[in-house]
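K.L.:
Need a 3D model of the sequence below.
(one chain, ligands or ions: 1)
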Amino acid sequence: MKIAVGSKNAAKIKAAETVLWDIGNQNELFPIDAPSNVSGMPFSDEETMTGAMNRAEFCLTHEDIDIAIGLEGGVTETQHGLFLINYGALAERDKETIVAGGARIKLPEEIAERLRAGEELGPVMEDYSKNKNVRSNEGAIGIFTHGMVNRDEMFMHIMKLLVGQRGDWHK
Ligand SMILES: O=P(O)(O)OP(=O)(O)OP(=O)(O)OC[C@H]1O[C@@H](n2cnc3c(O)ncnc32)[C@H](O)[C@@H]1O
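P.N.:
Coordinates of the predicted model:
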């Protein structure tokens, strides 16, 4: 099957590749630069989920793609602070899109305040950690868990939730 992931982000591609490889099918993965059609820094569960679904559904406009995956990061406000969130979507023609959310952690207040003021998490994390390209590497989750859970691993879990819900990979 020809499977698309709606991003050129290395952490997202690695997560998709790893889980599809684990399924053991003859799958080919195509990274496609898909628009999320939500804000650059999604600020709710709803918006982040919609971004993941939009990315997946965009990939299905490529006629040769059988299954499309969208992965999206964002944040959401809670009574206890601003949380990092991530969602995934798996879309197929003539089927309801499957959605799953990933692990979430509370962001430190100094990061939260910058995001509330309108900055995006990617550059804020580069500034905070002095590491380059955090969004494609360990991610904010990797930095705040001291490498215990990096962004690709967090997306791998979402990928498993998606492919697990789809079920039979021989059809
Ligand atoms: O290349 P794409 O697929 O767009 O990947 P992205 O990481 O830039 O885009 P997302 O839509 O997943 O995330 C929305 C914004 O939040 C940032 N972001 C989300 N999760 C992050 C993380 O774990 N570490 C750093 N930045 C993150 C990201 O850089 C974007 O500015």
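K.L.:
most centrally placed residue in the chain?
P.N.:
residue 71 (2.8 Å; C-alpha atoms, centre = their mean).
K.L.:
how about that one, what does it touch?
P.N.:
Contacts for residue 71 (C-beta atoms under 8 Å, 6 or more residues apart in numbering) come out as 5-7, 9, 12, 15-16, 52, 55, 86-88, 155, 158-159. In this view, the C-beta of every residue, glycine as well, is placed from N, C-alpha and C.
K.L.:
These: which ones sit near the ligand?
P.N.:
7, 9, 12 (C-beta under 6 Å from any ligand atom).
K.L.:
Using PyMOL, define a selection of the buried residues within those.
P.N.:
If you want just the buried ones from the ones next to the ligand among the contacts of residue 71 in PyMOL, going by 16 or more other C-beta atoms under 10 Å, the selection is:
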select buried, resi 7+9+12
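K.L.:
May I see the ones next to the ligand among the contacts of residue 71 arranged in TSV, with secondary structure and pLDDT as well?
P.N.:
Formatted as TSV, the entries for the ones next to the ligand among the contacts of residue 71 read as follows, by DSSP: H, G, I helix; E, B strand; the rest coil; pLDDT from 0 to 100:
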residue	secondary structure	pLDDT
7	coil	98
9	coil	97
12	helix	98
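K.L.:
Could you confirm whether stretch 26-38 reaches the ligand?
P.N.:
Yes. Residues of stretch 26-38 contacting the ligand under C-beta under 6 Å from any ligand atom: residue 36.
K.L.:
change the start of the numbering to 23 and stick with it
P.N.:
All set: I'll call the first residue 23, so the last point we hit is now stretch 48-60.
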